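**Q** Need coordinates for the following:
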Amino acid sequence: MGHAYKYRIIKAQLVDWLRYYEDEGFWQDLARLAAEKNWKAFAKRVRVAWQQAGGAVGDLSFLDNSSHAINVWQLVNRIEKPRPMKKDGHLQAKSELMEWLWYYDNDQFWDSLARAKQNGWKRFAAQIKSEWSNVGGSVKRLNFLDNSQHCRDVYSVMFNGAEPQLPRQPHA
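**A** Coordinates of the predicted model:
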């Protein structure tokens, strides 16, 4: 997964998390730092809170770029919440798919999926979509598999035991 894509996902998770973060001192600090345009200290303050809530500090390295810190501040202070983006729906569907696959017990499917991968990622995606449909799932929800990177991720998790490329969100 490319860095820009990963950071977009994590930034969206950070903004969602911040919307529900209730610590008056934290918000006063952020407001002061933003008013002073001290984006380096702003980023550090956000990282500390994120880490204390269980998030990985490395996830927020994009905040080293002050334009990202400014953007986070702007997004958090919007009066209206932004509408869900297409990628957010894809990530939710991917999370559901990974959960389903993890517990899906059908040796014939797993054998055919391993063979399909040998014929390319399109075939791999088609095999998953077909099985998903057979068990009553909506194939439209799996359109993200048209991106081969998502297929690689699914394969790496299911066949190699890798961690899925899903955003992590700490608990508030």
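
**Q** do you know how far the residue of the chain positioned farthest from its centre is from residue 52?
**A** Taking Cα atoms, centre = their mean, the residue of the chain most remote from its mean C-alpha position is residue 36, at 31.0 Å. Distance from residue 36 to residue 52, counting by Cβ to Cβ, to the nearest Å: 23 Å. The C-beta positions use only the backbone N, C-alpha and C, and glycine is treated the same way.

**Q** Over to residue 145?
**A** 36 Å.

**Q** So which of those two has more stuff around it?
**A** residue 145 (26 against 11; other Cβ atoms under 10 Å).

**Q** element containing the residue nearest to that one when sequence neighbours are not counted, please.
**A** Closest residue in space to residue 145, ignoring its immediate chain neighbours: residue 125 at 3.8 Å, by Cβ to Cβ, 6 or more residues apart in numbering. Secondary structure assignment for residue 125, by DSSP states H and E: helix 121-134.

**Q** same check, this time on residue 30
**A** Going by DSSP H and E, residue 30 is part of helix 24-35.

**Q** for that helix, what is the average pLDDT?
**A** Averaged over helix 24-35, pLDDT sits at 89.

**Q** for that helix, packing partners?
**A** helix 39-52, helix 66-76 (3 or more Cβ pairs under 8 Å, 6 or more residues apart in numbering; DSSP states H and E).

**Q** Buried ones in that helix, by neighbour count?
**A** Under the neighbour-count criterion of 16 or more other Cβ atoms under 10 Å, helix 24-35 has 26, 29-30, 33-34 buried.

**Q** ok, now stretch 102-112?
**A** residue 109.

**Q** Next: stretch 43-57.
**A** For stretch 43-57, by 16+ other Cβ under 10 Å, it's 43, 45-47, 49-50, 55.

**Q** And stretch 61-77, by the same measure?
**A** Going by neighbour count (16+ other Cβ under 10 Å), the buried part of stretch 61-77 is 62-63, 68-69, 72-73, 75-76.

**Q** With distance to residue 140 added, can I get these in TSV?
**A** Converted to TSV, the buried residues of stretch 61-77 look like this (distance: Cβ to Cβ, whole Å):
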residue	distance to residue 140
62	31
63	35
68	32
69	36
72	32
73	36
75	28
76	32
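
**Q** Out of those, which is nearest to residue 116?
**A** Nearest to residue 116 among the buried residues of stretch 61-77 is residue 62, at 35.2 Å by Cβ to Cβ.

**Q** Contacts only, for the nearest residue to residue 64 once chain neighbours are set aside.
**A** Spatially, and ignoring its direct neighbours in sequence, residue 64 is nearest to residue 43 (6.6 Å; Cβ to Cβ, 6+ apart). Residue 43 makes contacts with 60, 63-64, 66, 69, as judged by Cβ atoms under 8 Å, 6 or more residues apart in numbering.
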